[in-house]
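S.K.: For reference, the sequence and a predicted model appear below.
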Amino acid sequence: MNAQQMWEAFGGRGEYEAWRFGGDADALAELVLAGKKTATASAYPLYELENEPLPKAGEYSVILDLSLIHISEPTR
(Lines give C-alpha, C1' and ligand atoms only; values in the text may rest on other atoms or scores of the structure.)
Protein backbone atom coordinates (compact mmCIF):
# COMPACT_ATOMS: atom_id res chain seq x y z
CA MET A 1 0.00 0.00 0.00
CA ASN A 2 1.45 3.38 -0.91
CA ALA A 3 1.09 6.61 1.06
CA GLN A 4 -1.91 7.85 -0.99
CA GLN A 5 -3.77 4.57 -0.53
CA MET A 6 -3.08 4.61 3.22
CA TRP A 7 -4.27 8.22 3.47
CA GLU A 8 -7.51 7.34 1.69
CA ALA A 9 -8.05 4.21 3.86
CA PHE A 10 -7.50 6.41 6.94
CA GLY A 11 -10.34 8.60 5.67
CA GLY A 12 -8.05 11.55 5.18
CA ARG A 13 -9.25 14.56 3.27
CA GLY A 14 -7.15 17.44 2.07
CA GLU A 15 -3.40 17.58 2.13
CA TYR A 16 -0.84 15.51 3.97
CA GLU A 17 2.91 15.10 3.85
CA ALA A 18 4.63 11.72 3.50
CA TRP A 19 8.18 11.41 4.83
CA ARG A 20 10.73 9.17 6.51
CA PHE A 21 12.79 9.87 9.58
CA GLY A 22 16.51 10.39 9.03
CA GLY A 23 18.96 7.93 10.53
CA ASP A 24 17.30 4.61 11.32
CA ALA A 25 13.89 5.25 9.76
CA ASP A 26 12.60 1.74 10.50
CA ALA A 27 13.45 1.86 14.21
CA LEU A 28 12.01 5.35 14.65
CA ALA A 29 8.78 4.47 12.82
CA GLU A 30 8.42 1.40 15.05
CA LEU A 31 8.71 3.64 18.12
CA VAL A 32 5.87 5.78 16.69
CA LEU A 33 3.70 2.69 16.19
CA ALA A 34 4.46 1.49 19.72
CA GLY A 35 3.40 4.86 21.14
CA LYS A 36 6.88 5.48 22.56
CA LYS A 37 7.76 8.27 20.12
CA THR A 38 5.03 10.89 20.17
CA ALA A 39 6.89 13.98 18.96
CA THR A 40 9.61 15.05 16.59
CA ALA A 41 11.48 18.25 15.88
CA SER A 42 13.59 19.82 13.17
CA ALA A 43 16.01 22.71 13.22
CA TYR A 44 14.24 25.99 12.42
CA PRO A 45 17.05 27.21 10.10
CA LEU A 46 16.49 24.16 7.86
CA TYR A 47 12.92 25.27 7.16
CA GLU A 48 14.20 28.70 6.12
CA LEU A 49 17.07 27.23 4.09
CA GLU A 50 14.74 24.92 2.16
CA ASN A 51 11.94 27.54 2.01
CA GLU A 52 9.54 25.09 3.68
CA PRO A 53 6.55 26.14 5.81
CA LEU A 54 6.65 25.27 9.50
CA PRO A 55 4.40 22.39 10.61
CA LYS A 56 1.13 23.44 12.26
CA ALA A 57 -1.12 21.78 14.82
CA GLY A 58 -3.72 19.60 13.16
CA GLU A 59 -1.68 18.81 10.05
CA TYR A 60 -1.23 15.15 9.16
CA SER A 61 1.85 13.24 8.13
CA VAL A 62 2.20 9.77 6.69
CA ILE A 63 5.33 8.42 8.36
CA LEU A 64 7.10 5.92 6.11
CA ASP A 65 9.66 3.20 6.55
CA LEU A 66 10.67 0.37 4.26
CA SER A 67 7.85 -1.98 5.26
CA LEU A 68 4.96 -0.01 6.78
CA ILE A 69 3.07 3.24 6.77
CA HIS A 70 1.64 5.04 9.79
CA ILE A 71 -0.56 8.13 10.09
CA SER A 72 0.29 10.64 12.80
CA GLU A 73 -1.14 14.04 13.70
CA PRO A 74 1.21 16.66 15.16
CA THR A 75 -0.29 18.67 17.99
CA ARG A 76 2.23 21.53 18.34
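M.R.: In hand now; what should we look at?

S.K.: Helices of this protein, residue ranges please.
M.R.: 3-10, 25-33, 44-49 (DSSP state H).

S.K.: residues touching the residue in the chain sticking out farthest from the centre, list them.
M.R.: Note on the chain: the largest separation between a C-alpha and the mean C-alpha position, by C-alpha atoms, centre = their mean, falls on Leu49 (20.0 Å). With contact set as C-beta atoms under 8 Å, 6 or more residues apart in numbering, Leu49 has no partners. Yep, even glycine has a C-beta here, placed from its N, CA and C like the rest.

S.K.: for the one 4 residues further on, same thing?
M.R.: When contacts are counted by C-beta under 8 Å, 6+ apart, Pro53 is found next to Tyr47.

S.K.: cool, and Leu28?
M.R.: Phe21, Lys37, Asp65.

S.K.: how close does Ala27 sit to Gly14?
M.R.: 30 Å (C-beta to C-beta, to the nearest Å).

S.K.: Low-confidence stretches in this protein?
M.R.: Low-confidence segments of the chain, defined by pLDDT under 70: 68-76.

S.K.: One more pass at 80, please.
M.R.: Applying pLDDT under 80 to the chain picks out residues 1, 65-76.

S.K.: hey, which of the helices of the chain is tucked in deepest?
M.R.: Of all these, helix 25-33 carries the top mean neighbour count, a mean of 16, counting by mean count of other C-beta atoms under 10 Å.

S.K.: just to revisit the earlier point, how near is the residue farthest from the centre of the chain to Gly23?
M.R.: For Leu49 relative to Gly23 (C-beta to C-beta), the value is 19 Å.

S.K.: same deal with Ile63?
M.R.: Ile63 is 14 Å from Gly23, by C-beta to C-beta.
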